[in-house]
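Novice: give me a 3D structure for the following:
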Amino acid sequence: MSELLKISNLHVEIDSKQILHGLNLHVNVGEIHAVMGRNGSGKSTFSNTLMGHPAYKVSQGQINFNGTVINNLKPNERAKLGLFLGFQYPLSIPGVTVANFLRQANKALKGNSVSPKDFRKLLYEKMDDLEIDHAFATRYVNDGFSGGEKKRMEILQMAMLEPKLAILDEPDSGLDIDSLKLVAESINKYKKKNPQVSILLITHYQRMLDYIKPDKVHVFVDGNIVESGGAELALELEKKGYDWLTDKEVIFKQ
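Specialist: Numbers count the residues shown, from 1 in each chain. Okay, here's the model as predicted:
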């Protein structure tokens, strides 16, 4: 399999405080990687750094995405290369419909101007793929949406923008069991339609992985990966918790 993302010796700080300490990670085309860890372990710093949030400074190391070093690229430049970030807490945008928001995002990312009729047809096709009611297209973005609806809108955005790598920051956050299952099903449906897309799934809990099977699982402790393995690692974490890894040295080196 061809390599899509290569992170080498990545050190990241925010407000002069070091958060990531020499992180190494490889993701191949089409793979699903789950990133697990407690609050404060560096998971969100990792996702924001990949997307180019200006508050996060790379002090050392390299992020190579699809053959391009992206350390100094702006978020919109990274998006055009094929990076997508699904937010843990999606914002509401009253007054802007889902359809208009997605049309403008699509135009900004791809630079093409699609007629309203053709765009609406494409949007409905993607909504049908994800089993999302067409009525959502005319609602304001996330305004009055439930937690599960907000997360499914993130998956719809992903489907419309067609990234090479989707970073999903805690898509299970704040969801009940039924909503969690619906969101996971949406991710699986999208992945089935787009087998070449790679996914970085960031989560606290193993429960999301009951529905989405990762190729690899990585555990963050204090800003680095201390354990890496297959889906069975998430089950081990569910049984033992994170304490058994707290004192481990960084072993995931590539």
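
Novice: so the residue located most distally from the centre of the chain, which state does it fall into?
Specialist: Here the centre of the chain is the reference, and by Cα atoms, centre = their mean the most remote residue is residue 117, at 29.9 Å. The three-state label given to residue 117 by DSSP: H, G, I helix; E, B strand; the rest coil is helix.

Novice: so where's the protein shaky on pLDDT?
Specialist: For the chain, the stretches flagged by pLDDT under 70 are 1, 246-254.

Novice: strands along the stretch 1-150 of the chain, start to end?
Specialist: Along the stretch 1-150 of the chain, counting by DSSP state E, counting those that start in this stretch, strands occupy 3-14, 17-28, 32-37, 57-65, 68-69, 83-86, 93-97, 140-141.

Novice: what segments of the chain are helices?
Specialist: Counting by DSSP state H, the chain has helices at residues 43-51, 75-81, 98-110, 116-129, 147-161, 177-193, 231-240, 243-246.

Novice: with distance to residue 208 added, can I get the ones you listed in a markdown table?
Specialist: Where you see a C-beta, it was placed from the backbone N, CA and C, and this is true even at glycine. Formatted as a markdown table, the helices of the chain follow (distance: least, Cβ to Cβ, whole Å):
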| stretch | distance to residue 208 |
| --- | --- |
| helix 43-51 | 13 |
| helix 75-81 | 24 |
| helix 98-110 | 24 |
| helix 116-129 | 21 |
| helix 147-161 | 11 |
| helix 177-193 | 6 |
| helix 231-240 | 9 |
| helix 243-246 | 19 |
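
Novice: ok so, going back, can you tell me how far the residue farthest from the centre of the chain sits from residue 123?
Specialist: Distance of residue 117 to residue 123, given as Cβ to Cβ, to the nearest Å: 11 Å.

Novice: tell me how many other residues crowd residue 178.
Specialist: A count of neighbours around residue 178, defined by other Cβ atoms under 10 Å, yields 9.

Novice: you'd agree residue 159 is up against residue 130?
Specialist: Yes. With contact defined as Cβ atoms under 8 Å, residue 159 counts as touching residue 130 (6.4 Å).

Novice: mind checking which of the strands of the stretch 1-150 of the chain is nearest residue 220?
Specialist: Nearest to residue 220, of all these, is strand 32-37, at 3.3 Å by Cβ to Cβ.

Novice: you'd agree residue 199 is up against residue 163?
Specialist: No. Using Cβ under 8 Å, residue 199 is not in contact with residue 163; the gap is 9.5 Å.
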